[in-house]
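S.K.: Would you be able to build a 3D model of this:
(one chain, ligands or ions: 1)
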Amino acid sequence: MSDVLKYAIDLVAVLLLALGIKGLSKVRSARGANQLAAVAMGLAVLGLLVNYLGMEAGISATAWTWIIAGTAVGGVLGAITAQRVPMTSMPETVALFNGCGGMSSLLVALAAALYPAALDAAGPVALVSIVVSVFVGAITFTGSIVAMAKLQGWLSTPAWMQSKLRHVVNIALAVASLVGALEMLRHADSGTGLWLVVVASGLLGVGVTLPIGGADMPVVISLLNSYSGVAAAAAGFVVGSQLLIVAGAMVGAAGLILTQVMCNGMNRSLVSVLFGGALGASVASGGGGGEYTNITSCSVEECALTMEAAERVVIVPGYGLAVAQAQHTLREVTRVLESAGIDVAYAIHPVAGRMPGHMNVLLAEADVPYEQLKEMDQINPEFPAADVVLVLGANDVVNPQAKSDPNSPLYGMPVLDVQEARTVFVVKRGMSAGYSGIKNDLFELANTSMVFGDAKKVLGDLLVELKDLGLGKK
Ligand code: NAP
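M.R.: Numbering: from 1, shown residues only. The predicted model follows:
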């Protein structure tokens, strides 16, 4: 009876997880989808407990204590983290969660390798699964921890890691992992093979992730997310859990698709992200933005006057908006504009910011209505009808060079055609470059004016000016 109940619970959990992943693709349904996926995971734990309860031999009181304590500690830590972590630290948090997933799969496989008697399934399938789970789990764990530490600014890339020497070291580690794996497959009880795979693949995770530039890290995190799914699926084969196999495969596939989407949005290949080292970050931090000769700047007051006369305003949020944490002030500004009958929309570029969906999450935090968020393909034909475009801390995603200059490193990256609007205001602190490190032709166009300053300060001043003009009184 408990078997039937467990399978029924597992089936519902898988369905909810699939629906959850599907729902995450739309802003409107994402919040509910996340809750569905959380319920699915809760059911997965419940299914396992039902299975244990129904086991003839039963499990010891000590084991129950560990299971309940582990579930409680993990649940409480997860809930506290989700409540406390600021939106800007989301990539680090996701990296940490991926690392936990990799570590769990690694520990399950290690336990199965060290105590094979506890395994239901034995034989070649279980053995290959253990090897895969240890290898991918260890890479995911160490790679994710390095990614998190780099994003937090706790780690930087040592000079030798930028040289070709790192490829030699990484290849040697990959070969050592392979040797250990073959040894495990030949002698199932080979402790040497097991520990060789654990150490070499763990170091490989560090060696591959450490040289990658900070701004490319979200792509790597998405890839590591996919790996954590593969490791979980392999662990599912180890312990004979269909649920883990299906859930791991779904996460693996979803992570891989997201990685591909991000690479396309940045016009970069996965190979250049993984093997190009810290190039992206060093170019960006170098600020090699090129010379600007024809810049027009204006005051916040002039910006407010133009907006007051506008019928349609499009907001373009970028990384700088997230840095300034100006989303709430922005929402106040747009409320004032709307109350004056001005039509407001937000143009969302797929890789604006530093993680997928960064801008959606940021604006949702400030209660921006979903229907005002327009994706790039939807909003691009609408720019000619916009009176004012307000670019807030965005740079690369509005660079027309991506379409006009075949020699530009951005060439081919899809961008927002903001220059088509009647007037463009660009809010940033100075003339430094964006992530790509290159000059932005938009800033020198005749219909563009720069409004220099921190995004939050400028928006705060704009709010005051708009109210002084009598907007927002209704
Ligand atoms: P961006 O090109 O990095 O430009 C951000 C701009 O914000 C900078 O020019 C900076 O100029 C300005 N800024 C920084 N702090 C500010 C503040 N406090 N107030 C006002 N402005 C501020 O950003 P983006 O246009 O959003 O483009 C995203 C880039 O990141 C793309 O190149 C994309 O490929 C890359 N990327 C995205 C992802 C992803 O998944 N979303 C992942 C990896 C990389 P000042 O310093 O002069 O103020």
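S.K.: part of a helix, is residue 427?
M.R.: No - per DSSP: H, G, I helix; E, B strand; the rest coil, residue 427 lies outside any helix segment and is strand.
S.K.: what's near enough to touch it?
M.R.: 320, 390-393, 451-453, 455, 458-459 (C-beta atoms under 8 Å, 6 or more residues apart in numbering). For glycine as for every other residue, the C-beta is placed from the backbone atoms N, C-alpha and C.
S.K.: any idea of the pLDDT on it?
M.R.: For residue 427, the model assigns a pLDDT of 98.
S.K.: Just want to check the distance between it and residue 452.
M.R.: 8 Å (C-beta to C-beta, to the nearest Å).
S.K.: SS state for the residue nearest in space to the middle of the chain?
M.R.: Central residue of the chain (C-alpha atoms, centre = their mean): residue 355, 4.3 Å from the mean position. For residue 355, the assignment made with three-state DSSP gives coil.
S.K.: What are the phi and psi values at it?
M.R.: With angles defined as degrees, to the nearest 10, residue 355 sits at phi -150, psi 160.
S.K.: Surely it and residue 91 touch.
M.R.: Yes - look at residue 355 against residue 91 with C-beta atoms under 8 Å: they come within range, at 4.6 Å.
S.K.: Residue numbers of the protein in contact with the ligand?
M.R.: 215-216, 218, 262, 266, 318-320, 323-324, 351-356, 358, 393-397, 427-430, 432, 434-436, 454-455 (C-beta under 6 Å from any ligand atom).
S.K.: Any quick PyMOL command for the buried ones out of these?
M.R.: For the buried members of the residues of the chain next to the ligand, the matching PyMOL selection, counting by 16 or more other C-beta atoms under 10 Å, is:
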select buried, resi 215+216+218+262+266+318+319+320+323+324+351+352+353+354+355+356+358+393+394+395+396+397+427+428+434+435+436+454+455
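S.K.: In strands, which of the residues of the chain next to the ligand fall?
M.R.: Among those, the ones falling in strands (DSSP state E) are 427-428.
S.K.: And the pLDDT for residue 167?
M.R.: 90.
S.K.: count of neighbours near it?
M.R.: Neighbour count for residue 167, taken as other C-beta atoms under 10 Å: 13.
S.K.: What strand or helix carries it?
M.R.: helix 165-186 (DSSP states H and E).
S.K.: Can you list the helices and strands that that helix packs against?
M.R.: helix 124-152, helix 191-209 (3 or more C-beta pairs under 8 Å, 6 or more residues apart in numbering; DSSP states H and E).
S.K.: Give me the angle between it and helix 124-152.
M.R.: 150 degrees (axes from the mean of the first three to the mean of the last three C-alpha atoms, to 10 degrees).
S.K.: which parts of helix 165-186 are buried?
M.R.: 166, 170, 173-174, 176-177, 180-181, 183-184.
S.K.: so where's the stretch 51-200 of the chain shaky on pLDDT?
M.R.: 56-57, 117-122 (pLDDT under 70).
S.K.: Please work out which residue of it is closest to the ligand.
M.R.: residue 91 (8.5 Å; C-beta to the nearest ligand atom).
S.K.: quick one: that residue and residue 356 touch, right?
M.R.: No - at 9.5 Å, residue 91 does not count as touching residue 356 under the criterion of C-beta under 8 Å.
S.K.: Could you tell me which residues touch both of those two?
M.R.: When contacts are counted by C-beta under 8 Å, 6+ apart, residue 91 and residue 356 are jointly contacted by residue 218.
S.K.: Over in the stretch 101-250 of the chain, which residue gets nearest the ligand? Let me know.
M.R.: residue 218 (4.0 Å).
S.K.: doesn't residue 352 make contact with that residue?
M.R.: No - using C-beta under 8 Å, residue 218 makes no contact with residue 352, being 11.9 Å away.
S.K.: Checking residue 58 next. Helix, strand or coil?
M.R.: Residue 58 - assigned by three-state DSSP - is coil.
S.K.: Cool, thanks, signing off.
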